[in-house]
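**Student:** This is a predicted model, with the sequence first.
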Amino acid sequence: MNRPLILLFLFALVAGGLAALTLPTDAAPTSDYYAWERITLDSQNDVGSYLSLEGYYGATAPTIAYYDATAKDLKLARPIPGNCGLAGSWTCEILDSTSSTDVGQWVSLAFNGTDYGVVYYDAFFGVNRYTAPAEGIFGEEIELVSGPTVGTANALVYSDGTPHVAYLRDVANQRFGFAERVGSNGNCSTAWECTVIAPTGGSFSIDAGVFSGVGLAYSSSSAGLAYAHPVASGGNCGGGKWACETVYANALATSTSFHMARCGLISCSSPSQIAYYDYLLGGLIYAERVENGQGNCAGNPNWKCAFIEFAGLPLDLINPGLSLVVDENNQPVILYQDFLEDGYTNTVVKAAWPSADGNCGPTQNWQCVIVDTGYRAGAWMDVGASLDAELVDNRIFAAYYEAGNGDLVLLSEPAPPATPTPTPTIPPTVTPSPVAIPAQAYLPLIQK
């Protein structure tokens, strides 16, 4: 996007450092993301200002946990016929309205097989809670701290069937926390074991791979954009139980989306990747893990960084709309809220992906397109806050908040056309032609 003032600010601030940001992989596109379908999932009350979207393996559509700001309840939307969505094709229901008078902000949903769990903030008591209906757990407190609030930002993932939660704590020099459910004898509540990962923390994201374990990407005033993962011993953070490393020292990440490497016993199908807004640069950044010092990120030669495009300054420093998805072809796709799109006074939703002949990225090697302009019934409104996206059944789904109407919106790639069932071919009825039967010949009777 052409913004001269921001460009001058950028060069003055980074002093040439941006020139080193190049695209990690300059491959031809394997997919494009121009066509999308949009529906309103829930328009009852002011809903969706906090949300989390996830799908389990084998699902054809995601499940969404979200906040009802009018009723101050935690709600759940599932793709089964019911009371919301297009023609009642979804069910929207209250998941927690009883833990206190205000629950459901800073929500994060994840699946353990086909069963889901949700972590969310209880604004009345100032704690984060865990609900997993299949386990019979409802509103369980994760960390009990006398005085400070806990859980104003949460991220949940399952690894080997165990829930892991990264979260923020309002505790000086112990702000970025991590909890693992142990069931009993926990150190921060009866069922949870907690660790402080870093003294400071802002935006963060959590993910896990089958052979890769749990990983975190987070912003830190001391390390910039950082990456952390558990270690058996000898770690440099989290009480020696974690290894933390700087990804990009000059970053001020205000929204972070992390994809953990997907590795097997021999090789990885996709590397660890991070997408984030950089508040200092006013833009969208993509980083990819590489090996053998082939990277260019300031502070860590094992990561490559690319400036994708100017997107303005997020209004929400912790949770603006941004989500990184790796599609079925192992191609990164970033869906994000653009605060400074040319010709628009409202925020819009865009998609970006690698393209050999693109319109954005350091060498025009990404494609950036608008996927929701925010135009609704003759009016323009801000769209894309709290955006979360996921690949489900080889289709990308994204949920976000439509601020003007206070609605929960779902965006998705169109479903592939159904393969028509072939009509059986019935052979034509054949009327046999009459066959001439020759007259019988009789030999003369010869008597001996």
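**Tutor:** Happy to help now that I have it.
**Student:** from here on, contacts and neighbour counts on C-alpha atoms
**Tutor:** Will do.
**Student:** Against residue 225, how distant is the nearest residue to residue 298 once chain neighbours are set aside?
**Tutor:** With CA to CA, 6 or more residues apart in numbering as the criterion, residue 298 has its nearest non-adjacent residue at 5.2 Å, and that residue is residue 248. The gap separating residue 248 from residue 225 is 5 Å, by CA to CA, to the nearest Å.
**Student:** more crowded one of those two?
**Tutor:** Neighbour count, other CA atoms under 10 Å: between residue 248 and residue 225, residue 225 has more, with 29 against 24.
**Student:** from the chain's centre, how far out does the helix or strand that one falls within sit?
**Tutor:** If you go by DSSP states H and E, residue 225 is part of strand 224-230. Strand 224-230 sits 18 Å away from the centroid of its parent chain (CA atoms, centre = their mean, to the nearest Å).
**Student:** quick one: the residue nearest to residue 298 from residue 205, how far?
**Tutor:** The value you get for residue 248 to residue 205, if CA to CA is used, is 16 Å.
**Student:** still on that earlier bit, from what I see, the residue nearest to residue 298 and residue 224 are in contact.
**Tutor:** Yes: with contact defined as CA atoms under 8 Å, residue 248 counts as touching residue 224 (6.0 Å).
**Student:** Give the residues shared as contacts by these two.
**Tutor:** With contacts defined as CA atoms under 8 Å, 6 or more residues apart in numbering, no residue is shared by residue 248 and residue 224.
**Student:** If you count neighbours, what's buried in the helix or strand following the strand holding residue 225?
**Tutor:** Proceeding N to C from strand 224-230, the next assigned helix or strand is strand 242-248, under DSSP H and E. Going by neighbour count (16 or more other CA atoms under 10 Å), the buried part of strand 242-248 is 242-248.
**Student:** Show me what strand 242-248 is packed against.
**Tutor:** strand 224-230 (3 or more CA pairs under 8 Å, 6 or more residues apart in numbering; DSSP states H and E).
**Student:** List the strands paired with the strand it packs on, with their directions.
**Tutor:** Applying DSSP bridges, strand 224-230 is found paired with strand 213-220 (antiparallel), strand 242-248 (antiparallel).
**Student:** Please enumerate residues in contact with that strand?
**Tutor:** Strand 224-230 has contacts (CA under 8 Å, 6+ apart) with 213-220, 241-253.
**Student:** what about residue 117, distance to residue 204?
**Tutor:** For residue 117, the distance to residue 204 equals 19 Å [CA to CA].
**Student:** more crowded one of those two?
**Tutor:** Shown here are residue 117 and residue 204; by other CA under 10 Å, residue 204 has more neighbours (29 against 22).
**Student:** neighbours around residue 138, how many?
**Tutor:** The number of residues packed near residue 138 is 18, by other CA under 10 Å.
**Student:** Mind putting the strands paired with strand 224-230 into JSON lines with distance to residue 235 and mean pLDDT?
**Tutor:** JSON lines is the format used below for the strands paired with strand 224-230 (distance: least, CA to CA, whole Å; pLDDT from 0 to 100):
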{"stretch": "strand 213-220", "distance to residue 235": "14", "mean pLDDT": "92"}
{"stretch": "strand 242-248", "distance to residue 235": "5", "mean pLDDT": "94"}
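**Student:** The ones you listed: which one's closest to residue 164?
**Tutor:** Nearest to residue 164 among the strands paired with strand 224-230 is strand 213-220 (8.3 Å), distances taken as CA to CA.
**Student:** roughly how far out does that closest one sit from the chain middle?
**Tutor:** Worked out by CA atoms, centre = their mean, strand 213-220 lies 14 Å from the chain centre.
**Student:** List the contacts of it.
**Tutor:** Residues outside strand 213-220 that contact it (CA under 8 Å, 6+ apart): 159, 200-208, 225-230, 251-254, 256-258, 260, 274.
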